[in-house]
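>>> Provided below for reference: sequence and predicted model.
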Amino acid sequence: MARNLWLVLAIGALAACQPIYRSHGYVPSDSDLAMLVVGQDTRDTVGDFIGRPSSAGVLEDGGWYYVGSRWRELGLRKPQEISREVVAISFNEGGVVQNIERFGLEDGRVVTLSRRVTDSNIKGVTFLGQLLGSIGNVNAGQFLN
């Protein structure tokens, strides 16, 4: 009986050491983004093809931002964000797609993974940098005081 109890406890301890992965947010795939035509599609057609985002630019005419992250939890350790991607779609004054960009986060720096641009003036990067840099960086201690 005691041997069986130790066996169950050992198996339980090993199972507790396995990482748990969670995904948050939504980022459209490259095949979904390939359906969009820069300079031709509008906000409405983007919403129809890939859905409306959970984040948009500060201004009404700002871009749309699709944010997705993946977290790993291991035992009693603090959850660790292992990847983050942002797809930024910006529109011109007429509501037509101007830029489609995919960004990632590597070693704390924003990295451009892909870009389809019609104009050399990249808008919204500052907001995007703030968005990538702030997700998951909340100090719980500041709320306890």
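Thanks, I have the structure now. Numbering: from 1, shown residues only.
>>> Give me the distance between residue 10 and residue 81.
31 Å (C-beta to C-beta, to the nearest Å). Just so you know, the C-beta spots here come from the backbone N, C-alpha and C atoms, and that holds for glycine as well.
>>> For residue 85, give me its contacts.
27, 67, 68, 69, 102, 103, 104, 105, 113 (C-beta atoms under 8 Å, 6 or more residues apart in numbering).
>>> Residue 10 and residue 81: which is more packed in?
Under the criterion of other C-beta atoms under 10 Å, the comparison of residue 10 against residue 81 puts residue 81 first, with 15 against 10.
>>> could you give me the average pLDDT of the host helix or strand of that one?
Here residue 81, judged by DSSP states H and E, is contained in strand 80-91. For strand 80-91, mean pLDDT is 87.
>>> buried ones in that strand?
Residues of strand 80-91 classed as buried by neighbour count (16 or more other C-beta atoms under 10 Å): 84, 85, 86, 87, 88, 89, 90, 91.
>>> Next, count neighbours for the nearest residue to the fourth one once chain neighbours are set aside.
Using C-beta to C-beta, 6 or more residues apart in numbering and skipping the chain neighbours, the partner closest in space to residue 87 is residue 66 (4.3 Å). Look at residue 66: counted by other C-beta under 10 Å, it has 22 neighbours.
>>> Before we move on, what's the pLDDT of residue 66?
Per-residue pLDDT puts residue 66 at 89.
>>> Just list the residues touching it, thanks.
So residue 66 contacts 25, 26, 27, 28, 50, 53, 54, 55, 86, 87, 89 (C-beta under 8 Å, 6+ apart).
>>> Nearest residue to the first one in space, please, no chain neighbours.
So the one you mean is residue 25. residue 68 (3.9 Å).
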